[in-house]
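> After the sequence you'll find the predicted model.
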Amino acid sequence: MSKSPILMWFRRDLRLGDHEALTAACDADRPVIPVFIYDELTESMGAAPKMRLGLSVADLAASLNEKGSKLILRRGKALDVLRELIKDTGADTVYWSRLYDPDGKTRDTDVKAALKDDGITAESFKGHVLFEPWTVETKIGGFYKVYTPMWKSVRGNDVPAALPTPGTIPVPDSWPKSDDIADWQMDAAMHRGADTLKSHCTVGEAAASHRLGAFIANHVANYVKNRDLPAVDGTSGLSENLTYGEISPRKCWHSGWQALNDGKGDAETFLKELVWREFAYHLAYHTPRITTDNWKEDWDAFPWNTDERLAEVKAWKQGRTGIRFVDAAMREMYVTGTMHNRGRMIVASYLTKHLLCHWKIGMNWFADCLIDWDPCSNAMGWQWSAGSGPDATPYFRVFNPVTQLDKFDKDRAYIKKWIAEGTKRPSATALSYYDMIPESWGMTAQDSYPDPIVPADVGRSRALDAYQNRGF
């Protein structure tokens with residue numbers, strides 16, 4: 001058996017527990033060299049997710065240090081870096097966890113082919129999903145295009161138990177040189193908002209595990225009702241941690257089933273949300289155009305605005321539409337890097353239907369602002385809201401952001417938390433927004449709150465006219 005090292009290439013699997021690739025590497029009776037590469041895909045990430053990724057990488061490095069191991073950091077094209085490390089270490093094997101988004105899959109396919117041509121063993125393992133996309137099929141074959149049948153299909157599937165954290169990680173006789181993550185300045189694009197955003201992050205494997213445990217113990221029993229109330233701490237918050245692989249979906253799945261078996265019936269809705277996430281990867285794998293183009297091609301002719309310089313788009317991004325639910329949600333995202341799911345539906349519907357702006361404008365803004373940004377989930381969510389995607393909300397369903405506020409934030413606790421204008425004593429969270437935003441926006445808490453740029457009833461009528469005139 002070769003005793004040359006195995007390079008363990010980490011990406012969106014930044015944890016030690018329930019990690020198939022890492023477990024296999026540790027079981028191989030060979031030295032393991034953990035690696036993270038700051039490559040062109042990482043370079044292209046938006047400001048908030050890139051900053052958050054840097055925190056996760058640093059946390060993984062600390063966890064490996066506690067195990068007596070080390071995370072080697074290198075910057076450059078993935079294939080070039082791996083070849084350099086192979087030369088530096090004598091490694092003849094590279095392991096990694098699979099990705100399912102189009103860009104990640106393309107890169108990994110090219111890297112695997114090139115390494116094999118070099119005579120290197122390149123092996124990929126199941127990644128950050130419960131069910132790999134090609135393992136789930138309809139009864140007549142083919143992939144699922146509608147969520148509910150997929151949920152019914154996988155609901156009873158056997159999901160193996162989570163793997164334990166390796167007891168030891170075999171180390172090499174010597175370590176290759178490593179970059180210092182501080183030199184990468186992964187938070188640079190956040191400018192003055194970095195410290196505030198970091199204060200809202202829950203980083204790392206241990207924190208993610210604690211977050212899951214607290215949710216199951218304290219919140220899942222009332223999940224169905226509370227998950228729709230943006231002022232209530234009623235959701236798991238785990239999308240942030242699942243995005244970077246700080247916790248595995250398998251661990252969440254088994255915790256949800258245990259809660260359901262313990263009589264907490266709302267846990268089934270939590271399990272459905274995990275499969276909704278799976279549905280996004282399923283679709284991105286089988287129809288990669290969902291991340292870049294209208295999934296329903298007949299929407300290509302719809303006359304969406306695509307000009308991001310439009311005053312209405314600027315007001316939407318700045319949380320100054322004059323529609324309080326929209327503005328509160330947009331400011332929550334800018335400060336915390338997350339947005340309540342009810343808010344996501346409202347702001348997406350308002351942009352694509354009331355303002356008739358292309359969903360790509362919203363998708364790209366979210367990609368810059370969300371710490372739980374995921375290329376598959378983000379694209380599917382925006383196309384669902386716009387009506388152009390699979391299993392989408394129908395064109396005639398236009399959320400009324402005023403009545404939605406009356407329904408889900410009756411006492412305006414959410415609004416008070418995030419909107420300062422017109423308030424004698426604004427909350428600390430509402431004021432923190434002004435510490436985050438660019439000074440060039442020229443906004444202050446003393447400004448008057450704006451009138452609606454497009455009132456709810458006017459926007460709905462305009463949207464329905466546009467849809468009907470296009471034959472939808």
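Yes, it's here. Please read all numbers here as calculations on a predicted model, not as lab measurements.
> Which helix or which strand is home to Trp9?
Trp9 belongs to strand 6-10 when assigned by DSSP states H and E.
> helices and strands around that strand, which ones?
helix 20-26, strand 32-38, helix 78-89, strand 93-97 (3 or more Cβ pairs under 8 Å, 6 or more residues apart in numbering; DSSP states H and E). Glycine gets a C-beta too; all of them are placed from N, C-alpha and C.
> looking at the chain, which helix or strand does the model trust least?
helix 456-469 (a mean of 89; mean pLDDT, DSSP states H and E).
> export that helix as PDB, just CAs?
C-alpha atoms of helix 456-469 as PDB (Å, rounded to 0.1, in the frame of the first residue of the first chain):
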ATOM      1  CA  ALA A 456     -49.600  47.500  -4.100                       C
ATOM      2  CA  ASP A 457     -52.800  47.800  -6.100                       C
ATOM      3  CA  VAL A 458     -51.300  49.600  -9.000                       C
ATOM      4  CA  GLY A 459     -48.400  47.100  -9.300                       C
ATOM      5  CA  ARG A 460     -50.800  44.200  -9.200                       C
ATOM      6  CA  SER A 461     -52.900  45.600 -12.000                       C
ATOM      7  CA  ARG A 462     -49.900  46.500 -14.100                       C
ATOM      8  CA  ALA A 463     -48.400  43.000 -13.700                       C
ATOM      9  CA  LEU A 464     -51.700  41.200 -14.600                       C
ATOM     10  CA  ASP A 465     -52.100  43.400 -17.700                       C
ATOM     11  CA  ALA A 466     -48.500  42.600 -18.800                       C
ATOM     12  CA  TYR A 467     -49.000  38.900 -18.300                       C
ATOM     13  CA  GLN A 468     -52.300  38.800 -20.100                       C
ATOM     14  CA  ASN A 469     -51.100  40.900 -23.000                       C
END
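> That one packs against which elements?
helix 401-408.
> tell me which residues of the helix it packs on are tucked away?
401, 404-405, 408 (16 or more other Cβ atoms under 10 Å).
> Return the member of those residues nearest to Pro160.
Relative to Pro160, the closest of the buried residues of helix 401-408 is Phe408; by Cβ to Cβ it sits at 37.8 Å.
> What's the first helix or strand after the helix or strand containing Asp195?
Using DSSP H and E, Asp195 falls within helix 194-198. Heading C-terminal from helix 194-198, the first helix or strand you meet, by DSSP H and E, is helix 205-218.
> Pull the residues that contact the least confident helix or strand of the chain.
For helix 456-469, contacts defined as Cβ atoms under 8 Å, 6 or more residues apart in numbering pick out 302-303, 323, 350, 353-356, 395-396, 398, 400-403, 454.
> now with 6 Å?
353-354, 395, 398, 400-402 (Cβ atoms under 6 Å, 6 or more residues apart in numbering).
> what's the distance between it and the middle of its chain?
Put simply, helix 456-469 sits 31 Å off its chain's centre (Cα atoms, centre = their mean, to the nearest Å).
> just to revisit the earlier point, deepest-packed of the helices and strands packed on strand 6-10, please.
When you average the neighbours per residue for each of the helices and strands packed on strand 6-10 (mean count of other Cβ atoms under 10 Å), strand 32-38 leads with a mean of 24.
> Tell me the first helix or strand C-terminal of it.
helix 40-43.
> Give the buried residues for that following helix.
Buried-residue list, helix 40-43, by 16+ other Cβ under 10 Å: 41-42.
> so for whichever helix or strand comes after it, what's the average pLDDT?
Once helix 40-43 ends, the next helix or strand along the chain (criterion: DSSP H and E) is helix 47-66. Helix 47-66 carries an average pLDDT of 98.
> tell me what the helix or strand that helix 47-66 is followed by is packed against?
Using DSSP H and E, the next helix or strand after helix 47-66 towards the C-terminus is strand 72-75. For strand 72-75, the helices and strands in contact under the criterion 3 or more Cβ pairs under 6 Å, 6 or more residues apart in numbering; DSSP states H and E are strand 32-38.
> just to revisit the earlier point, next, the buried residues of the strand holding Trp9.
6-10.
> Pull out the CA atoms of it and give them to me as PDB.
What follows is strand 6-10, C-alpha atoms only, in PDB (Å, rounded to 0.1, in the frame of the first residue of the first chain):
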ATOM      1  CA  ILE A   6      -3.900  12.000   0.100                       C
ATOM      2  CA  LEU A   7      -4.800  15.600  -0.700                       C
ATOM      3  CA  MET A   8      -8.300  16.200   0.900                       C
ATOM      4  CA  TRP A   9      -9.700  19.100  -1.100                       C
ATOM      5  CA  PHE A  10     -12.300  21.000   1.000                       C
END
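> Adjacent strands (with direction) for it?
Its sheet considered, strand 6-10 pairs with strand 32-38 (parallel), strand 93-97 (parallel) by DSSP bridges.
> tell me which residues of stretch 214-234 are tucked away?
215-216, 219-221, 223, 226-232, 234.
> right, I mislabeled it, should have said stretch 166-184
For stretch 166-184, by 16+ other Cβ under 10 Å, it's 166, 169-172, 176, 181, 184.
> swap in stretch 67-75?
Those buried within stretch 67-75 under the rule 16+ other Cβ under 10 Å are 67, 69-74.
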